[in-house]
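> need a structure here:
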Amino acid sequence: MSIDSIGIHIGIFTIHWYGMVLMLGVVGAVLTIDREAIRKDMDREVLQDGLLWVVLGGIIGARLWFILTPPPSFVELGFTTRYYLTHPLDAINVPGGGLTIAGAVIGGAIATFFFVRRRKQYFPQWADAIVPGVAIGQAIGRWGNFLNQEIYGFPTDLPWGIFIDLKHRLPGFEAFERFHPLFLYESLLNLANAIFLLWFARRYGEQLKDGDIFLIYLITYPIIRILMDFLRIDAALVGGVNINQALMLVVALASAGLLYLRHRSQSEAPSEA
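Numbers count the residues shown, from 1 in each chain. Here you go, the predicted structure:
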């Protein structure tokens, strides 16, 4: 089954399905964050005023990380980091392909940090409210990969294997038709992650410190990404190492260590006689 990537075409304006799904993901994220802001009695105007900057930071981060770590299929076509750095127009050609979730999270987090600091808000508190929405946005946004027939894994005979058109199959896999639907796996896992974060924030709210939910997200999502990349054909490699897995492992371990240190003093506090 082939899906036309163009969703709406009016005159010289073209809107792709992929872009519409991403925007739907942004809407889902914002609605979730807004509900968390209401629950935590936070200033919702900060969310409204900062939304554009955070989304822009996420897009820039997603593109930069892709440019710095292009997947093998792009490298074979000549789209290396050196190429993008010497062809600035192609570097900013986002519709031409090339956005990464890891880069989007990094870019969005940096933009959020500076924006809330400028508004004299507390970043850890906002980070806790934001990350469940980020997970929702990821769960929705991954369906854009389905429409583009990308982000799939190794060939499989499992009944839920997804058919990939010949023109979208990676070199060396032209003879195979059905592949692991990584986009679906990650979408479901991100949805479960969002539900878990929202539940955890409510169930253990009195024991949590500002920033704990953010740190937990920086553990749970990296685990999801590490597991998914074991099935991914076109993983970005740097020196033969899966750079996304390596980054996610460092982030998860650092976040777990920081979370432990933040609560160690509480667990070691002597009980009253």
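
> quick one: low-confidence parts of the stretch 1-150 of the chain?
Applying pLDDT under 70 to the stretch 1-150 of the chain flags the ranges 1-14, 95-97.

> could you show me where the strands are in it, in order?
Using DSSP state E, counting those that start in this stretch, the strands found in the stretch 1-150 of the chain span residues 6-10, 13-16.

> Check the stretch 151-273 of the chain too.
According to DSSP E, counting those that start in this stretch, the stretch 151-273 of the chain carries its strands in the segments 162-163, 178-179, 237-238, 241-242.

> With distance to Trp143, mean pLDDT and mean neighbour count as extra columns, can I get those in a markdown table?
The way it works is simple: take the backbone N, C-alpha and C, and place the C-beta from them, glycine included. Below are the strands of the stretch 151-273 of the chain laid out as a markdown table (distance: least, C-beta to C-beta, whole Å; pLDDT from 0 to 100; neighbours: other C-beta atoms under 10 Å):
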| stretch | distance to Trp143 | mean pLDDT | mean neighbour count |
| --- | --- | --- | --- |
| strand 162-163 | 12 | 94 | 16 |
| strand 178-179 | 16 | 96 | 20 |
| strand 237-238 | 26 | 80 | 14 |
| strand 241-242 | 24 | 88 | 14 |
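
> can I get these in a markdown table with distance to Leu77?
What follows is the strands of the stretch 151-273 of the chain, written out as a markdown table (distance: least, C-beta to C-beta, whole Å):
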| stretch | distance to Leu77 |
| --- | --- |
| strand 162-163 | 23 |
| strand 178-179 | 20 |
| strand 237-238 | 15 |
| strand 241-242 | 20 |
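
> Quick one: closest of these to Gly103.
strand 237-238 (14.2 Å; C-beta to C-beta).

> by contact count, what packs against that closest one?
Contacting strand 237-238 under the criterion 3 or more C-beta pairs under 8 Å, 6 or more residues apart in numbering; DSSP states H and E is no other helix or strand.

> That one pairs with which strands, parallel or anti?
Neighbouring strands of strand 237-238 in its sheet, by DSSP bridges, are strand 241-242 (antiparallel).

> Let me know which of the strands of the stretch 151-273 of the chain is the nearest to Gly25.
strand 162-163 (19.8 Å).

> circling back to that earlier point, can you tell which of the strands of the stretch 151-273 of the chain is closest to Phe154?
Closest approach to Phe154 among the strands of the stretch 151-273 of the chain (C-beta to C-beta): strand 178-179, 6.7 Å.

> So what's the gap between the closest one and the chain middle?
From the chain centre to the centre of strand 178-179 is a distance of 23 Å (C-alpha atoms, centre = their mean, to the nearest Å).

> counting contacts, what elements does it pack onto?
Contact here means 3+ C-beta pairs under 8 Å, 6+ apart; on that basis strand 178-179 packs against strand 162-163.
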